[in-house]
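Trainee: predicted model, plus sequence, below.
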Amino acid sequence: VYGAYVSNTGSIAANAEVTGDGSASAYGVFAVSYLFGAVGVDNSGQILASWIAKDSGGKANTLYVDLPSFGILKPVRQFFQQYYAQWCKGCTSQTVDIPVTAIGKDVPDRVVSYLRAHPDINYVAYSLGVLNVGVPAALRQAGLANKVKTIVTVGDAENYQYIASGQSQAAMAFSNVETP
């Protein structure tokens, strides 16, 4: 698995190879420690950009799905855009803002509709894992499941199941406890 690794000091190694011995990182889950406050939020935007740039070989057309009413996610978007432009110079990105009222209702329909209208998109990055819930099934029903790769920040059990079953490619697991 290629992507980024954030050490317990908060430093990031972009486009680093992340290896594992059967642990979560071997399956597309980046275990990230010491992500607390703005430093962690900044790093998650960098990790999204790094993973997509590396995985696509610099040929991504990315849809960034965001929840702008959550102020803590603003730096994720800012740093994703900054590092995506830096590390994936031949890539494009577009953004869809999701209202809080759409969570648990029509987020999958919104994502599928956008992908149908923009068939060149081959990656979807989510600022928050909950935004991906239900999307893999909707992609499958729309015949788009093998067309896009996905990565989420703050993945949860459902997102990790998507990875294990091949319906999603990557997620970040956060720990706010510093490890030695």
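Mentor: That came in fine, so what should we check first? Computed from a prediction, not measured in an experiment: that's the story for all the values here. Residues are numbered from 1 along each chain as shown.
Trainee: so which residues of this structure form helices?
Mentor: 38-56, 74-87, 107-117, 135-141, 157-164 (DSSP state H).
Trainee: quick check: which of those helices is buried the most?
Mentor: helix 38-56 (a mean of 23; mean count of other Cβ atoms under 10 Å). (Each C-beta comes from the backbone N, C-alpha and C, glycine too.)
Trainee: pull the number of nearby residues for the residue nearest to Asp97 when sequence neighbours are not counted.
Mentor: Once flanking residues are discounted, Asp97 sits nearest to Pro68: 5.0 Å by Cβ to Cβ, 6 or more residues apart in numbering. By other Cβ atoms under 10 Å, 14 other residues sit near Pro68.
Trainee: follow-up on the earlier one: let's have the helices of the chain in a markdown table, adding distance to Ala171 and mean pLDDT.
Mentor: Below are those laid out as a markdown table (distance: least, Cβ to Cβ, whole Å; pLDDT from 0 to 100):
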| stretch | distance to Ala171 | mean pLDDT |
| --- | --- | --- |
| helix 38-56 | 10 | 80 |
| helix 74-87 | 14 | 93 |
| helix 107-117 | 16 | 98 |
| helix 135-141 | 12 | 96 |
| helix 157-164 | 5 | 84 |
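Trainee: I'd like the ones you listed laid out as JSON lines, including distance to Asp97.
Mentor: Shown next, in JSON lines, are the helices of the chain (distance: least, Cβ to Cβ, whole Å):
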{"stretch": "helix 38-56", "distance to Asp97": "16"}
{"stretch": "helix 74-87", "distance to Asp97": "10"}
{"stretch": "helix 107-117", "distance to Asp97": "10"}
{"stretch": "helix 135-141", "distance to Asp97": "16"}
{"stretch": "helix 157-164", "distance to Asp97": "20"}
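Trainee: what's the closest of those to Ala170?
Mentor: Among the helices of the chain, the nearest to Ala170 by Cβ to Cβ is helix 38-56 (5.6 Å).
Trainee: just list the residues touching the residue nearest to Asp97, thanks.
Mentor: By Cβ atoms under 8 Å, 6 or more residues apart in numbering, the contact list for Pro68 reads Lys74, Arg77, Asp97.
Trainee: could you single out the nearest of those residues to Lys59?
Mentor: Nearest to Lys59 among those, with distances taken as Cβ to Cβ, is Arg77, at 22.0 Å.
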